[in-house]
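K.L.:
this one's sequence-less:
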């Protein structure tokens, strides 16, 4: 390899390493929020970084790394949902295959996070607001990044965030 290509590859490695350090935790949180399984979520995040590396090697440059990573992860989550729809299975079939249901420790996880009440109340929001409010306030994504991930306009997202926060306040007052 030439010096230029080695230098470019080193810069790409550095860029991906920085992105991993900056966004890995948020990506894992988002994946768990969407698929409700830590192992599957972690696998999806790792696959996100592998796909990002392949893209960097082939295309060379990514302008918005955070939104690019969330876009890839979102596509993997959609694929996972589709895979689940194709393979319906009953609990009896799973237990016959050796699966033993475990206790869901997600409640313990939420108990350790500041703002536990808000995070739990976000789950009770109507579907149209839940994901957008979570992306905005839990993942700390900008409207521009959210627009790139969801394919919706920033204005639409801004209105939904505002209305979602109003509904969240109502839920908070009702508890």
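P.N.:
Looks like it arrived, so ask away. Treat the numbers as computed from the prediction; the structure is a model and nothing was measured.
K.L.:
helices and strands of this structure: which one bottoms out on pLDDT?
P.N.:
When each helix and strand of the chain is scored by mean pLDDT, DSSP states H and E, helix 106-112 comes last, with a mean of 49.
K.L.:
Residues touching the host helix or strand of residue 46, excluding its own?
P.N.:
Residue 46 belongs to helix 38-59 when assigned by DSSP states H and E. The contact list for helix 38-59, computed with C-beta atoms under 8 Å, 6 or more residues apart in numbering, reads 9, 12, 15-16, 19-20, 24, 27-28, 31-32, 34-35, 62, 68-69, 72-73, 76-77, 80. Using the backbone N, CA and C atoms, a C-beta is placed for each residue, glycine as well.
K.L.:
What's the first helix or strand after whichever strand or helix holds residue 120?
P.N.:
Residue 120 is located in helix 116-123, with elements delineated by DSSP H and E. For helix 116-123, the following helix or strand on the C-terminal side (DSSP H and E) is helix 127-133.
K.L.:
Just give me how far that following helix sits from the chain centre.
P.N.:
Remark: helix 127-133 is offset 13 Å from the chain centroid, using C-alpha atoms, centre = their mean, to the nearest Å.
K.L.:
Pull the number of nearby residues for residue 35.
P.N.:
Counted with other C-beta atoms under 10 Å, the neighbours of residue 35 add up to 18.
K.L.:
got the contact list for it?
P.N.:
Taking C-beta under 8 Å, 6+ apart, we find residue 35 in contact with 41, 44, 77, 80.
K.L.:
hmm, 10 Å instead?
P.N.:
By C-beta atoms under 10 Å, 6 or more residues apart in numbering, the contact list for residue 35 reads 41, 43, 44, 76, 77, 80, 81, 84.
K.L.:
Touching, the fifth one and residue 31? I think so.
P.N.:
The one in question is residue 77. Yes: judged on C-beta atoms under 10 Å, residue 77 makes contact with residue 31 at a distance of 6.8 Å.
K.L.:
ok, the residue most central in space within the chain to residue 124 distance?
P.N.:
Centroid-nearest residue in the chain, with C-alpha atoms, centre = their mean: residue 30, separated by 2.8 Å. Separation of residue 30 from residue 124 (C-beta to C-beta, to the nearest Å) stands at 19 Å.
K.L.:
Ok, residue 52 next?
P.N.:
Distance from residue 52 to residue 124, by C-beta to C-beta: 33 Å.
K.L.:
Of these two, give the one with the bigger neighbour count.
P.N.:
Set residue 52 next to residue 124 and count neighbours by other C-beta under 10 Å: residue 52 wins out with 21 against 12.
K.L.:
List the buried residues in stretch 66-82.
P.N.:
66, 67, 68, 69, 70, 71, 72, 73, 74, 76, 77, 80 (16 or more other C-beta atoms under 10 Å).
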